[in-house]
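Asks: Build me a model from this:
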Amino acid sequence: MFKRSFLIFLFVIVLAACGQTQAEPTATLPPPTPTTQLPTETIEPSATPTPTLEPTATDTPEPSLTPTVTQSPTPANSPTPTPTDTPEAAVATALGSINCRYGPDKQYLYAWDLHEGDTFEVKGKNATGDWLWGKPWDTVWTCWITASAVELNVDIDQIDVVYPILITNAAVEAPSGVSAQRNGDKVTISWNPAAPAVDLGYLIEARVCLGAYPWDLVFSTTNTSYTIN
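Replies: The predicted structure is shown next:
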């Protein structure tokens, strides 16, 4: 709303009256003719009142924080990954009755057995690939079977070489006084009898250099010495 302010000016009319003074007539001069001067009305200049527009209060909006929209780059076309085939679990099927032993050789003791048609979960093989290590279908024990006595569902080259720890009998102490003596190409290993002495024999696991390659060989004896060529 505009507020108007009016300036009221008072117009003052100043009436100026000139008083007439009469002098005595003289013999020589005729009496003056009375002159009446009409008062002049002087009007003071007045300013035309101009309405003053007072500024109208305008609501200033509070600045609002508008999130800046960042354009995400359009991803380039990525090649669709090719699904990788999960390798088939290796399973061996017994072709007949076979012994599953504690190690990859006939020198190791018998641990379990399989009959024709029994399955064997293969977990590894020895360095030469002629023995397979795994678990028979009807036990939780792991043992070794000969590869020639079973039929595999995978190529034997797909099976990894493993070196599992040999299971030992805690009731029998390790032999003491073990020594080795070389004589040309022969090495004789000797030891003291283990206590308590039992007639189960002694097992020797040896790594022998044959030609340019080392080979893991196994020997057994009931004596307290053994000579390796």
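
Asks: so what's residue 154 up against?
Replies: Residue 154 sits next to 87, 88, 90 when contact means C-beta atoms under 8 Å, 6 or more residues apart in numbering. Glycine gets a C-beta too; all of them are placed from N, C-alpha and C.

Asks: in which helix or strand would I find the second one?
Replies: When secondary structure is defined using DSSP states H and E, no element contains residue 88, which sits outside every helix and strand.

Asks: who's in contact with it?
Replies: Per C-beta under 8 Å, 6+ apart, neighbours of residue 88: 153, 154.

Asks: pLDDT check: weakest of the contacts of residue 154?
Replies: Lowest-confidence member of the contacts of residue 154: residue 87, scoring 72 (pLDDT).

Asks: Once you drop chain neighbours, what's closest to that residue?
Replies: Distances taken as C-beta to C-beta, 6 or more residues apart in numbering place residue 158 nearest to residue 87, at 7.0 Å, with adjacent residues excluded.

Asks: tell me the phi and psi of that neighbour?
Replies: Per-residue torsions, residue 158: phi -80, psi -10 (degrees, to the nearest 10).

Asks: per-residue confidence at it?
Replies: Residue 158 is assigned a predicted lDDT (pLDDT) of 94.

Asks: ok, it to residue 90 distance?
Replies: According to C-beta to C-beta, to the nearest Å, residue 158 and residue 90 sit 7 Å apart.

Asks: Mind checking which of these two has more residues around it?
Replies: A count of neighbours by other C-beta atoms under 10 Å puts residue 90 above the other of residue 158 and residue 90, at 21 against 11.

Asks: which regions of this structure sit below the pLDDT cut-off?
Replies: Residue ranges of the chain with pLDDT under 70: 1-86, 197-198.

Asks: hmm, back to that, now, which of the contacts of residue 154 sits nearest residue 229?
Replies: Sorting the contacts of residue 154 by how near they are to residue 229, with C-beta to C-beta, puts residue 90 at the top with 35.7 Å.

Asks: CA-only coordinates of stretch 194-205 in PDB, if you can.
Replies: Extracted C-alpha coordinates of stretch 194-205, given in PDB (Å, rounded to 0.1, in the frame of the first residue of the first chain):
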ATOM      1  CA  ALA A 194      62.900 -99.900  17.900                       C
ATOM      2  CA  ALA A 195      61.300-100.600  21.300                       C
ATOM      3  CA  PRO A 196      59.300-102.500  21.700                       C
ATOM      4  CA  ALA A 197      60.700-104.800  19.100                       C
ATOM      5  CA  VAL A 198      58.000-106.100  16.900                       C
ATOM      6  CA  ASP A 199      58.300-108.400  13.900                       C
ATOM      7  CA  LEU A 200      56.500-106.100  11.500                       C
ATOM      8  CA  GLY A 201      59.600-104.900   9.700                       C
ATOM      9  CA  TYR A 202      61.100-101.500   9.000                       C
ATOM     10  CA  LEU A 203      60.100 -99.200   6.100                       C
ATOM     11  CA  ILE A 204      62.800 -97.000   4.300                       C
ATOM     12  CA  GLU A 205      61.600 -94.100   2.200                       C
END
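
Asks: Need the residues that contact it.
Replies: 103, 107-108, 166, 172-176, 189, 191, 216-224, 226, 228.
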